[in-house]
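Visitor: mind looking at a prediction? Sequence and model below.
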Amino acid sequence: MVAVQSRLDRLVRPTFGRHLLFALAAAVVLLLLSSQIGAYDDYNLTAVAIFAVAAAGLNLLTGLNGQLSLGHGALMAIGAYTASLLLKDHHQFPVIVVLLAAVLSTGVIGIGFGYAAARLRGPYLAGATLTLAVAIPQVATRYKSIFGGESGLTVAPSSPPDWLGADFPPERWLAWIAFAAAIVTMVLLANLLRGAPGRAFKAVRDNEAAAALAGINVARTQVLAFVVSAACAGLAGALLAYWTGVTAPAGFTLALSLQLITAIVIGGLGSLAGAVWGSPVLVFVPLLTSGMASRLSLPSSVADNVPLAIYGCILVIAMLVAPHGIQGALRRILAYGRARWGNTPGGGQKGVVDWDDPAPDT
Amino acid sequence: MKSVMGGNALRIRAIAIVCLAGLLAACGTSGDSSSGTNTASAPGITATTITIGSTQPLTGRAAPGYSEISPSSNAYFNYVNDHGGINGRKITYYYYDDGYNPTNTASLTRKLILEDKVFAMFSALGTPTHLAVVDYINSQKVPDLFVSSGCNCWNDVSNHPYTFGWQPDYTIEGKILGQYIQKSLGGKKVGYFYQNDEFGTDGVKGLDAQLGASSVPDASRQNYVPTNTNIGPQIAALKASGAEVVVSFSIPAFTALALLGAAKLGYHPIWVVSNVGSDVTTLTGLLKNFSKGAVGGALLGGMVTDAYLPLTGDSANPWISLFKGIHDKYVSNLPWDGNVLYGMAQAYTFVQAMKAAGRNPTRASFVKALETTKLNGGPGLAPYGYSSSNHLGFLGVQIYTIAADGTQTTTGPVYTSSDSGPISQYSGSASTPPANGIP
């Protein structure tokens, strides 16, 4: 009995094992869920998984390392164009090769940009990353023969393998790919954050001088955060290319970068779970509001802007009600419950909310 | 003996029943029977409704003007619904805002097909946006009708058998505009200003085919990308090149920007503008807006453009009085302009095609009917070109000019052409709408 207990402990205790178990559970749930719902819901869940990957990367950079990036939409574009160029002219590469190539290319560009970013602070960093968001789509229109100009490059869908049957919906297959990518990303990021790099990220965010005094190489830590974050954006971009079926500059405007920031702020800055909570908001709120334009009998100049107005209102209300995002609100509820009913393991004071992980108010 | 007789009679009765059942089944599924009862013959078609869907730029940079198209189509559908619908079925039209962003188009198109279960896509707007979904729509075998774009990419019968264009493609338009320049503006130096995508390059292809590629030097070929509103350098380059005629394949916002940019430089060439970028009402509004009221429609004086539908100001034309009447009754909050006319005329074509497909069409039988049935009489100046080898709609245009007070005057006959064929004069006469306005 004791032996079994200790063996179980050895499996569960180490962080990696715990993350793996959690990932396995998530995979099973998602697999079951995706098989129960229709193709269209699968398609939307795929988008949630894609945005979760990108938002997790951005949250690592912004929430945990304190570097604000307005250029993650452009990094997604680099991943998407890498995938589309590989698949151009009906080349058949396995999905895994395409995704890894996108991670690699965006990671390499992330190194270059990370070095520049590590020298910049606050608004200057935001400005530098903003240029990325503005410039990258223009490169695609400038070099039309390579990148296809405004109409972009079409991407052949990845068709499901034969053993799944002929009428297996391609949307579900893509959903599985995206789920797998998201879960792998989350496990790897969770491990990174629980280890020395994660602690270094937070130390640099909170006080660079103190971190340097503690022996952390500040610049190198910031570059590492940027590269990991860029690689996530690249992976999400490649998945987005499959999801959209076309990679065009109009799909990677500044609005996409801002959407990602919206996702992490709404979800909760500074935690991986926050990225997961924020993504459904990005996907489902516009869908809920988009149908209204044609169903309300309003003057079209008003009706056309109703979805955007509702979206804006939701963001404002969310910020007022849950300034630390969904994850912050959940934590607060949990902490309040613990404090109220006296189950606080550390014997915290009653009624006092104890923020256990990163202060989100960076 | 008796038993044999009985067996025979049984067999005959069985055969009779089978025949009858077969007949009944034939009645139920036949696409071209015009009488009988309505059945739910295809996704999106019930006994009482037909559901179709579209993606449109209702907001964003392509919205000015174009956002009027789908409410206007819907107004015509409401008019048809109020007059009994198509074979007793009411049309439900969903149109969603994609903001001219292909990523949104991809997801909204799936929403329409997988969730709203539309019978067909209708009037989906934009070249880059629709290119994102055209493969998907065809893989789902959903009719993809009357794409609101003149890209000749929609006329690809072997790869996209379910996709149909509607307006004349930009290459045809470029050729006929080029012919006008040769005939009426001969000897003047020509320059191009075009959108850097299929829209612009297809147009330039037609112009070059007509004018000769070498007659327009590189310095006189300027393009823009719709994400960058600073077009001053291109206009300055056109001025420096000495172009006296500038052919512009541009969306309305960029036509207005080009006119303002040229006026600012004191540069006054003759503007020859593609149909999509030349609507007087839209341009006047944009000019006033961009210049903060400093200039208005007067800047349009002398502009040359073309049309494939009757002119909105031609109140004597029976099509115009029909559509203007529907506009006044159903969507009077929109300005009466070329976009409204466009949306209504497209909706008219859809009703024509639905009627041609018979009472209980399937998606495949509908496409077959559109390829094989000649749609007679429509709002277009030229006839429809639909066949099993051609998925283009109207094949021709007529040139018209715009005066400083906004008056539009047609010049010359209607010309028709194809991407590679010669230009010929259309000799048929204009059609008139049926009395009740429904095909």
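Guide: That came in fine, so what should we check first?
Visitor: list the buried residues for the helix or strand B:P71 falls within?
Guide: Here B:P71, judged by DSSP states H and E, is contained in helix B:69-82. Neighbour counts over helix B:69-82 (16 or more other C-beta atoms under 10 Å in any protein chain shown) mark B:69-81 as buried. Bear in mind the C-beta positions are built from the backbone N, C-alpha and C, glycine included.
Visitor: please apply the same query to stretch B:417-425.
Guide: B:417-419, B:423.
Visitor: please tabulate these in a markdown table, including the columns secondary structure, pLDDT and distance to chain A.
Guide: Below are the buried residues of stretch B:417-425 laid out as a markdown table (DSSP: H, G, I helix; E, B strand; the rest coil; pLDDT from 0 to 100; distance: C-beta to the nearest C-beta, whole Å):
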| residue | secondary structure | pLDDT | distance to chain A |
| --- | --- | --- | --- |
| B:S417 | coil | 89 | 24 |
| B:S418 | coil | 86 | 22 |
| B:D419 | coil | 84 | 18 |
| B:I423 | coil | 91 | 27 |
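Visitor: which of the residues you listed sit farthest apart?
Guide: Largest separation among the buried residues of stretch B:417-425 by C-beta to C-beta: B:D419 and B:I423, giving 11.6 Å.
Visitor: give me the local confidence score for residue 296.
Guide: Reading this off chain A. On pLDDT, A:L296 comes in at 61.
Visitor: wrong chain, I was asking about chain B
Guide: 85.
Visitor: now swap in B:T46 and tell me
Guide: Taking B:T46 on its own, its pLDDT is 95.
Visitor: surely it is in contact with B:A40?
Guide: Yes - under the criterion of C-beta atoms under 8 Å, B:T46 makes contact with B:A40 at 4.8 Å.
Visitor: quick one: check the helix holding B:P71 for contact with chain A.
Guide: Yes - against chain A, helix B:69-82 shows contacts by C-beta under 8 Å from any C-beta of the partner chain at B:70-71, B:74.
Visitor: can you tell me the SS state at A:A156?
Guide: coil (DSSP: H, G, I helix; E, B strand; the rest coil).
Visitor: what's the answer for the one 3 residues further on, then?
Guide: Each residue gets one of three states, and A:S159 gets coil by three-state DSSP.
Visitor: tell me the strands in the stretch 151-300 of chain A, going along the chain?
Guide: Assigned by DSSP state E, counting those that start in this stretch, the stretch 151-300 of chain A shows strands spanning A:153-154, A:246-247.
Visitor: what do you get for the stretch 151-300 of chain B?
Guide: Per DSSP E, counting those that start in this stretch, the stretch 151-300 of chain B carries strands over the ranges B:163-165, B:190-195, B:221-224, B:245-249, B:270-273.
Visitor: any idea where the strands of the stretch 301-439 of chain B begin and end?
Guide: For the stretch 301-439 of chain B, strands defined by DSSP E, counting those that start in this stretch occupy the ranges B:303-307, B:396-402, B:408-416, B:424-425.
Visitor: out of these, flag the one nearest chain A.
Guide: Closest approach to chain A among the strands of the stretch 301-439 of chain B (C-beta to the nearest C-beta): strand B:303-307, 22.7 Å.
Visitor: report pLDDT for residue 70.
Guide: Picking chain A for this. Note on A:L70: pLDDT of 92.
Visitor: please refer instead to chain B.
Guide: Looking at B:S70, its pLDDT is 94.
Visitor: try the one 5 residues further on
Guide: At B:A75, the pLDDT value in this model is 96.
Visitor: which bits of the stretch 251-400 of chain B sit near chain A?
Guide: Proximity of the stretch 251-400 of chain B to chain A (C-beta under 8 Å from any C-beta) is limited to residues B:331, B:333-334.
Visitor: filter those to the buried ones?
Guide: For those, buried by 16+ other C-beta under 10 Å: B:331, B:334.
Visitor: nearest to chain A among the residues of the stretch 251-400 of chain B next to chain A?
Guide: Nearest member of those to chain A, counting by C-beta to the nearest C-beta, is B:N333, at 4.6 Å.
Visitor: state the phi and psi torsions of the closest one.
Guide: Main-chain torsions, B:N333, degrees, to the nearest 10: phi -70, psi -20.
Visitor: what about A:G312, how many neighbours?
Guide: 11 (other C-beta atoms under 10 Å in any protein chain shown).
Visitor: ok, it to A:P286 distance?
Guide: Per C-beta to C-beta, to the nearest Å, A:G312 is found 11 Å from A:P286.
Visitor: where does the stretch 301-439 of chain B dip in pLDDT?
Guide: Across the stretch 301-439 of chain B, no stretch falls below the confidence threshold (pLDDT under 70).
Visitor: so which other helices or strands are in contact with the lengthiest helix in chain A?
Guide: Taking DSSP state H as the criterion, chain A has its longest helix at helix A:218-244. Contacts defined by 3 or more C-beta pairs under 8 Å, 6 or more residues apart in numbering or on different chains; DSSP states H and E place helix A:218-244 against helix A:39-59, helix A:72-87, helix A:95-118, helix A:170-194, helix A:196-206, helix A:208-213, helix B:102-110.
Visitor: so for it, what gets flagged as buried?
Guide: In helix A:218-244, counting by 16+ other C-beta under 10 Å, buried: A:219, A:221-244.
Visitor: right, and B:D208 touches B:V216 too?
Guide: Yes - shown here, B:D208 and B:V216 form a contact pair, counting by C-beta under 8 Å, at 7.4 Å.
Visitor: what do those two both touch?
Guide: Residues touching both B:D208 and B:V216 by C-beta atoms under 8 Å, 6 or more residues apart in numbering or on different chains: none at all.
Visitor: low-confidence stretches in the stretch 151-300 of chain A?
Guide: Using pLDDT under 70, the stretch 151-300 of chain A drops low at A:290-300.
Visitor: local confidence estimate at A:G351?
Guide: 40.
Visitor: could you find the closest non-adjacent residue to the residue nearest the centre of chain A?
Guide: Most central in chain A under C-alpha atoms, centre = their mean is A:A55, positioned 2.2 Å from the mean C-alpha point. Nearest residue to A:A55, sequence neighbours excluded (C-beta to C-beta, 6 or more residues apart in numbering or on different chains): A:A275, at 3.8 Å.
Visitor: follow-up on the earlier one: among the helices and strands packed on helix A:218-244, which is nearest B:P233?
Guide: Once the helices and strands packed on helix A:218-244 are compared by C-beta to C-beta, helix A:72-87 is nearest, at 23.9 Å.
Visitor: any part of that closest one near chain B?
Guide: No - between helix A:72-87 and chain B, judged by C-beta under 8 Å from any C-beta, nothing touches; the nearest distance is 9.7 Å.
Visitor: check which helices and strands that helix sits against.
Guide: Using 3+ C-beta pairs under 8 Å, 6+ apart, helix A:72-87 is in contact with helix A:39-59, helix A:95-118, helix A:122-142, helix A:144-147, strand A:153-154, helix A:218-244, strand A:246-247, helix A:254-267.
Visitor: in the third one, what counts as buried?
Guide: Buried residues in helix A:122-142, counting neighbours by 16+ other C-beta under 10 Å, are found at A:125, A:128-130, A:132-134, A:136-137, A:140-141.
Visitor: check the residues you listed against chain B and report the nearest one.
Guide: Using C-beta to the nearest C-beta as the measure, the one of those that approaches chain B most closely is A:T141, at 4.5 Å.
Visitor: name the nearest residue to the residue of the stretch 51-200 of chain A found nearest chain B, sequence neighbours excluded.
Guide: Nearest residue of the stretch 51-200 of chain A to chain B, counting by C-beta to the nearest C-beta: A:E150, 3.6 Å away. For A:E150, ignoring the flanking residues on the chain, the nearest one in space by C-beta to C-beta, 6+ apart is B:D197 at 3.6 Å.
Visitor: ok so, going back, got a markdown table for the buried residues of helix B:69-82, with distance to B:F394 too?
Guide: Supplementary listing: these in a markdown table, determined by distance: C-beta to C-beta, whole Å:
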| residue | distance to B:F394 |
| --- | --- |
| B:I69 | 16 |
| B:S70 | 20 |
| B:P71 | 22 |
| B:S72 | 18 |
| B:S73 | 17 |
| B:N74 | 22 |
| B:A75 | 21 |
| B:Y76 | 18 |
| B:F77 | 21 |
| B:N78 | 25 |
| B:Y79 | 22 |
| B:V80 | 21 |
| B:N81 | 26 |
